[in-house]
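> Sequence plus predicted model, see below.
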Amino acid sequence: MLPTKPGTTQLQMETRDDLLQATLGHSDSPATSIYSALTGYMASFFGGPVAGATVALVNAYRLKRLGTDWPLGLLALAATIGPMWWWFHGGARWIIAYAGAGVQEVLYRVLGLAFFAVVYGCHRQYYRNMTYFGLTPPSGWPLGIGAVAGGLAVNFALAAVLS
Amino acid sequence: MSSDSNGPRDLAAIEHEAHALVERRRYAQAEVTVSRGLKEFPDSTQLQYLAAFIDYACDRPAAAMQGVKMLLSQAPQHYGARTLYAQLLENDKQLVEAERVWIDLLRDYPQSADCFAGYGELMLKTLHLEKARRLAQEGLRHSPEHADCLYLAAMIDLIRNPRGARSEHLQLMLREHPEHVRSAVALAVALSASGNNRGALRIAQEVLRQRPNSPELVEMVRELKAQTHWSMLPLYPIQRWGWSAAIVITLVAIIGLRVGERALPPSLSETLTWIWLGYVIYSWTWPRLLRRWI
C-alpha cells in the first residue's frame, strides 16, 4: 500500500475547522441582504456614476468586499470628472454643434447607465442569490434619494470648479 | 397497524406507526397517533420530536418551537430535535443562533451530509456563496449522492451561471433523485433562468399539487404565472435578459428619442415620448399589480 500523502489529513482538518468557524453574528459580519438592483439602477439613472457608486459601495460594505470593490469609486469619479473636464474644455461646443443643445442630459444618463452595467456585472451573483431564495432587500428609498442628491451635488460642485 | 387497536400497545409500535405516517405526510393521522402515544408514554422523546415536527410541517412554528425546546431540555443531544431547532431558528430569522446550532451539530456529527446541507443552505440564504459552496462540496465528499447537498450545489451553479441547467450537480440530482421535490424545484429554477418560464411553471404547478401547503412553492407558481401572463409580453426582453435588457432598452430609448426630437416632426416625436413614458410606467406597475391579483 502506498503511504498516505503527509499533511493530507491535517489539511482536511484545517479546511473543516475553517468551515466550522461562525460567519454570522460578529461585529464585522456581512449583512444578510443588499440593496436591490433597482435601487442601483435608479440612483445611476438620476444621479449619475457617483450616485451609482454610492449604492454599489454600500452594498460592497454590507457584503464585506470593499477590499475588492473600491475601484468602483475611482471609476465613478473618473467617469464623472473626465467627461465634465472634456465638456468644459471644448467638448461642449463640438458635440452641441453635432447633436444640439441639451445633449448633456443624454450623455449624463448614458454614463450613469453604463456605470450601473459595470456594477451589475460585479454583483450579479448576489442579486441572483437573493432572487432565487426570495431574500428581501432593505428599503432603497433613503439610500437612493441620498445617493442621487449626493451625486447631483458632486456634479454641480465639479461644474463650478471646472467651468 | 391501526391507531385504534384495542388495548395498550408497545412504544416501539406507536413510534413506528407515527414515523411512517409522517414520512407519508399524513400529518392529521400522525398527530392523532402521536397524541394518543404521548398519553401512554409521555416521556418518549421520539414521540415528542414527532409532535414538534408535525407542528413544523403544519406551519405552526410557535408550537413547534415550544415543543422542540421542551424536548431539548430533556434530551439536549437529540439529533432530530437539534436539526429541527436549527431550521425553526432559521425561519424565525434568528440566524446567529441557527448557525451556532448547525456548527455544534457538525462538531458532533462531522460526517453528516444533512448537517453540511443545512448549514450550507443557511450560508446561501445569507449571501455567503463561497462558504455555501465549500459546505456542499464537503457534504458531497461524505455522501456523493446526497439530495440536499446536490440541491445546494445545483443552486450555487445556477447562481454563478444562469446557464447552470448544464450543471453536473443538477444532472446528477435529476438522475439519482427524480422523485425528490427539490429536484423539480431546481429544474424549474434552471428552466426559468434559461428563459423557459412556461416549462418552469408546468413543473412548479405539478410540485405544488404534491405540496399544496408550501408557501415557497405557492410564491414560485404565482411569480411564474405572472411572468407567463399574456399581458407581460411587451416585457419579454427584460424577463429574458434581466437588467442587461433594461439597460439596453433605456439607452436605445433615450438616444432614439433625442435623435427623433431633431429628425422627426414635433407631433410624432412627442407621441413617441409619451409611448416611452407609458412603457416605463407599465413596466414598473403592471408586474406588481399582476402578482397581487394572481
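Perfect, thanks for sending it. Residues are numbered from 1 along each chain as shown, chains lettered A, B, ... in the order given.
> Within range of chain B, give me the residues from chain A.
A:15-16, A:19-20, A:22-25, A:30-34, A:37, A:41, A:45, A:63, A:99-100, A:103, A:106, A:109-110, A:113, A:116-117, A:120, A:124-130, A:132-135 (Cβ under 8 Å from any Cβ of the partner chain). For the C-beta atoms, the positions are set from N, CA and C on the backbone; glycine is no exception.
> Look up how far B:I103 lies from the closest residue to chain B within chain A.
Residue of chain A nearest chain B, by Cβ to the nearest Cβ: A:G25 (3.5 Å). Per Cβ to Cβ, to the nearest Å, A:G25 is found 11 Å from B:I103.
> Tell me which of these two has more neighbours.
Just comparing A:G25 and B:I103: by other Cβ atoms under 10 Å in any protein chain shown the higher neighbour count belongs to B:I103, 18 against 11.
> what residues are up against the nearest residue to B:L84 once chain neighbours are set aside?
In this structure, B:L84 finds its nearest non-sequential neighbour in B:V68, 5.3 Å apart by Cβ to Cβ, 6 or more residues apart in numbering or on different chains. Shown in contact with B:V68 (Cβ atoms under 8 Å, 6 or more residues apart in numbering or on different chains): B:Y49, B:A52, B:A81, B:L84, B:Y85, B:L88.
> Assign B:V68 to helix, strand or coil.
When classified by DSSP: H, G, I helix; E, B strand; the rest coil, B:V68 comes out as helix.
> Hmm, A:A37 and A:V55 touching each other?
No. Taking contacts as Cβ atoms under 8 Å, A:V55 lies outside contact range of A:A37: 9.5 Å.
> between those two, which one's more packed in?
Between A:V55 and A:A37, A:V55 has the larger neighbour count (other Cβ under 10 Å), namely 30 against 25.
> Tell me how many other residues crowd A:W141.
10.
> Same question for A:I81.
If we define neighbours as other Cβ under 10 Å, then A:I81 has 16 of them.
> How about A:A76?
A:A76: 27 neighbours (other Cβ under 10 Å).
> Any buried residues in the helix or strand hosting it, and which?
In the assignment (DSSP states H and E), A:A76 maps to helix A:71-86. Neighbour counts using 16 or more other Cβ atoms under 10 Å in any protein chain shown place A:L72, A:G73, A:L75, A:A76, A:A79, A:T80, A:I81, A:P83, A:M84 of helix A:71-86 among the buried residues.
> Which helix or strand lies directly C-terminal to that helix?
Note on helix A:71-86: by DSSP H and E, the next helix or strand toward the C-terminus is helix A:92-99.
> Summarise which helices and strands that following helix is packed against.
Helix A:92-99 makes packing contacts with helix A:103-132 when contacts are defined by 3 or more Cβ pairs under 8 Å, 6 or more residues apart in numbering or on different chains; DSSP states H and E.
> Identify the residues contacting residue 116.
I'll assume chain A. The contact partners of A:F116, taken as Cβ under 8 Å, 6+ apart, are A:G40, A:Y41, A:S44, A:F45, A:G52, B:W243, B:I247.
> you looked at the wrong chain, it should be chain B
Neighbouring residues of B:F116 by Cβ under 8 Å, 6+ apart: B:L106, B:L135, B:A136, B:E138, B:G139, B:H142, B:C149.
> Equivalent analysis for B:T33, please.
By Cβ under 8 Å, 6+ apart, the neighbours of B:T33 are B:S3, B:I14, B:E17, B:A18, B:L21.
> Which pair of the residues you listed spans the longest distance?
B:I14 and B:L21 (10.7 Å; Cβ to Cβ).
> So for those two, which sits in the more crowded spot?
Taking other Cβ under 10 Å, B:I14 and B:L21 do not tie; B:I14 has more neighbours (24 against 21).
> Any idea which residue is closest to the centre of chain B?
Centroid-nearest residue in chain B, with Cα atoms, centre = their mean: B:E216, separated by 5.5 Å.
> Next, that residue: secondary structure please.
helix.
> which residue sits closest to it, ignoring its sequence neighbours?
Here the residue nearest B:E216, using Cβ to Cβ, 6+ apart, is A:G134, at 7.0 Å.
> which stretches of chain A have low pLDDT?
A:1-16, A:27-30 (pLDDT under 70).
> And for the residue in chain B positioned nearest to chain A, the neighbour number?
Per Cβ to the nearest Cβ, B:V96 is where chain B lies closest to chain A, at 3.5 Å. B:V96 has 14 neighbouring residues, counting by other Cβ under 10 Å.
> Could you pull up the contacting residues of it?
With Cβ under 8 Å, 6+ apart, B:V96 has these contacts: A:A22, A:L24, A:G25.
> Grab the nearest non-local neighbour of B:Y119.
B:W102 (3.9 Å).
> which residues touch the one you found?
Per Cβ under 8 Å, 6+ apart, neighbours of B:W102: B:A86, B:C115, B:G118, B:Y119, B:L122.
> Whichever strand or helix holds B:R292 vs chain A: in contact?
B:R292 belongs to helix B:266-293 when assigned by DSSP H and E. No. Residues of helix B:266-293 are not located near chain A by Cβ under 8 Å from any Cβ, the shortest gap being 9.2 Å.
> and that helix, which residues are buried?
For helix B:266-293, by 16+ other Cβ under 10 Å, it's B:S269, B:L272, B:W276, B:W286, B:P287, B:L290.
> Tell me which other helices or strands it touches.
Short answer (3+ Cβ pairs under 8 Å, 6+ apart): helix B:266-293 packs on helix B:215-227, helix B:236-263.
> buried set for the longest one?
Read it as helix B:236-263. B:238-239, B:242-243, B:246-247, B:249-251, B:253-254, B:257-258, B:260-261.
> can you check the first one too?
When burial is assessed from 16+ other Cβ under 10 Å, helix B:215-227 yields the following buried residues: B:L217, B:M220, B:V221, B:R222, B:E223, B:L224, B:K225, B:A226, B:Q227.
> between the residues you listed, which is closest to B:L38?
Looking across the buried residues of helix B:215-227 and measuring by Cβ to Cβ, the closest to B:L38 is B:L217, at 31.0 Å.
> list the contacts for that closest one?
Contacts of B:L217 (Cβ under 8 Å, 6+ apart): B:V185, B:A204, B:V207, B:L208, B:R211.
> Grab the nearest non-local neighbour of it.
The nearest residue in space to B:L217 (Cβ to Cβ, 6+ apart) is B:L208, at 4.6 Å.
> pLDDT weak spots in the stretch 101-250 of chain B?
B:163-165.
> just the helices in it please.
Counting by DSSP state H, counting those that start in this stretch, the stretch 101-250 of chain B has helices at residues B:113-125, B:129-142, B:147-160, B:168-176, B:181-193, B:197-210, B:215-227, B:236-263.
> ok, which residues in the stretch 51-200 of chain B are in contact with chain A?
For the stretch 51-200 of chain B, the residues in contact with chain A under the definition Cβ under 8 Å from any Cβ are B:95-96, B:99-100, B:103, B:106-107, B:110, B:123-129, B:131, B:134-135, B:138, B:155, B:158-160, B:162, B:189.
> Out of these, which end up buried?
B:95, B:99-100, B:103, B:106, B:123-129, B:131, B:134-135, B:138, B:155, B:158-160, B:162, B:189.
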